[in-house]
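> Below is the structure, and that's it, no one-letter string:
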């Protein structure tokens, strides 16, 4: 096989047993590989985002079969060709976490500061859960970010502390460790 082509393959639809296997089978049947993926149930919908590697002809075949596959699987499917994954981006990886009562605009408030500092978000997850004892809705956000050499960590932390006070958030920013200490 020649050098693989890469695509972002997304699927969204009503949750049911077997969706992940159905999607994996589509890629495997064409000799492809799922390189990376994120999958979750959001409300009553299942959502998957996968980076797949396939031969160029197999990628074209998958793209051409999407309308029929959508019909048979009951999912909305999209395929977007992309570049080969980059090696680790230059910079210092950090984990940013926020926990607070759930109020509108938290993600925007935090990401606006990251944008102001020209910080790229590599990964972001959010969830709302009831607090122990009270059941109040608690919002949790976790982001993996890359701080370039020009980023002043002290200034970023100061801006996050200001935001904590303004929005009543609990924010932590810690370097991401490659492996746990033993």
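Nice, I can see it. Keep in mind the model is a prediction, meaning the values are calculated, not measured.
> Map the structural domains onto the sequence of the chain.
If you go by automatic domain parsing, the domain ranges for the chain are 5-82, 92-175.
> Can you list the low-confidence ranges for this structure?
Within the chain, the stretches with pLDDT under 70 are 1, 87-89, 178-182.
> For it, which segments count as strands?
Taking DSSP state E to define them, one finds strands in the chain at 5-14, 33-42, 45-54, 76-82, 92-101, 120-130, 137-147, 170-175.
> for the protein, longest helix please?
For the chain, the longest helix by residue count, based on DSSP state H, is helix 56-73.
> what angle separates it from strand 76-82?
Relative orientation of helix 56-73 and strand 76-82, computed by axes from the mean of the first three to the mean of the last three Cα atoms, to 10 degrees: 170 degrees.
> which residue packs closest to the spatially most central residue of the chain, ignoring adjacent ones?
Residue closest to the mean C-alpha point of the chain, counted by Cα atoms, centre = their mean, is residue 123 at 4.6 Å. Closest residue to residue 123 apart from its sequence neighbours, by Cβ to Cβ, 6 or more residues apart in numbering: residue 144 at 4.3 Å. Glycine gets a C-beta too; all of them are placed from N, C-alpha and C.
> Is it correct that the one you found is in contact with residue 122?
Yes: Residue 144 is within contact range of residue 122, at 4.5 Å (criterion: Cβ atoms under 8 Å).
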